[in-house]
Structures are given as C-alpha cells and as structure tokens.
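Peer 1: Below are the sequence and a predicted model for it; my questions follow.
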Amino acid sequence: MSAKETERVTIPVTPDRAAEVQHVAAMFTRAEGKSRKPPDIGRNAIVYYMRCVKACLTCQSGGVCQVHGTLALRPESAVAPEDGPSAADIAKVNTLYFGLYSEARGEAPAFGPREGKAVKSLIVAVGAERAMSAIRAAFADTFWRGKVTITVISQDPSRFLGTVPDARPRGSLQADSGFQGGKEVK
C-alpha cells in the first residue's frame, strides 16, 4: 500500500461516543464555517491519540498510563522481548530516576527515546536492582549530583556501583620525593 492509499476501517463506538463525535463535528463546523463530518473528526481524534501514545513514556514502556487510560497498544512481545527488561522493571527505574533528578535539580528531566534506550540498556547490563543502586549512588555523590543523567549512568554503571576506584585526587598533588627546592631534606 502506498503512502497516498488509505485503508478504510470501521470502529464500533457506543452511542454516547458517537453523540460526542457529532457534537464536536458541529462545533468545528460553526467555528470554521465549513462542514466537518463526524468520520473526519473521529479520524483526527484517532491520529491525535496515536501520536500521544507514541510520545508518552509510560505507554512506550507498556505500563498503564493515567493520561491515556490504557495499556500500550502494542503486542506484549514488542513491549518486553524475552531478552529485554520487563515493563515493571523499566517503570521502577524510571520512577526512581525521575524522583531523584527532580529532588536534586527542582525540575523533571528531559526524557526522550535516547533516555528510554539508556534505561533499558542499563537494566539489561546490570539488572534492575543494581541499576537503581547506581542511580542512587550517582545522585548521592556531590560531584555528580548536579550534572549526571541516565545516559551517563548507563554508559558506565560501574563508576556508580563502586566497582571502579574513585580516581579524583584527594589532598596534595605533589609527591613526597625527599627534595625541597633542589636540596635534599633529611
């Protein structure tokens, strides 16, 4: 089917929904001065709804969205493949990250497809519990608290899990060589 061709689909609706669509069509007709038919309004509503679902983080993860009030409109295999993280794990990690980020910076993080993939890859790499430990550790560290993002945590989770030693210097950088100003000190 080409991009210009469309397929006609019939969707059964309850009488009250049909009345709502007719009412909205009448409002558009009055406001625009041209006739709008209920099928056009219904089609536009469906397209708008699908765009919202695609853009919604909760719907993308397969959870129940409070805004759209439904499970994601994808088959279960597309939401959580056998080798990928479960929707529940993704939701737990996202909730923790959003809470700690908001607490640290006073605003919600920018979250798009790149960040969603970072969450999934982090969970696949270390598991949900260790991913949450890494996120907690990143926001507990005063050095990282104001600048860390989920993509940074996902790129090197060991940095925040404590399995890599902290390489930042502490104290004096000058080695004690036994020489002071060109003279040996005893």
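Peer 2: In hand now; what should we look at?
Peer 1: Could you chop this structure up by domain?
Peer 2: Domain ranges of the chain: 15-55, 77-161, per automatic domain parsing.
Peer 1: Return the most buried member of those.
Peer 2: domain 77-161 (a mean of 16; mean count of other CB atoms under 10 Å). From N, CA and C alone the C-beta is placed, and that goes for glycine too.
Peer 1: State the mean pLDDT of it.
Peer 2: Per-residue pLDDT over domain 77-161 has a mean of 88.
Peer 1: Show me the helices in this structure, by range?
Peer 2: Under the criterion DSSP state H, the chain contains helices at 15-32, 38-55, 57-61, 76-79, 87-105, 113-126, 128-140, 150-155, 157-161.
Peer 1: Quick check on P85: phi, psi?
Peer 2: phi -70, psi 150 (degrees, to the nearest 10).
Peer 1: show me the contacts for it.
Peer 2: Contacts for P85 were tallied using CB atoms under 8 Å, 6 or more residues apart in numbering; they are K120, I123, V124, A128.
Peer 1: Surely the first one touches I90?
Peer 2: Yes. Taking contacts as CB atoms under 8 Å, K120 lies within contact range of I90: 6.6 Å.
Peer 1: nearest residue to I123 other than its sequence neighbours?
Peer 2: P85 (3.9 Å; CB to CB, 6 or more residues apart in numbering).
Peer 1: actually A108, sorry about that
Peer 2: S102 is the one closest to A108 (CB to CB, 6+ apart), at 5.6 Å.
Peer 1: Check T29 and give its pLDDT.
Peer 2: 73.
Peer 1: quick one: it from K37, how far?
Peer 2: 9 Å (CB to CB, to the nearest Å).
Peer 1: for A128, same thing?
Peer 2: 49 Å.
Peer 1: Same question for F143.
Peer 2: Taken as CB to CB, the span from F143 to K37 is 61 Å.
Peer 1: cool, and S133?
Peer 2: 56 Å.
Peer 1: hmm, back to that, what's the closest of the contacts of P85 to T95?
Peer 2: A128 (11.4 Å; CB to CB).
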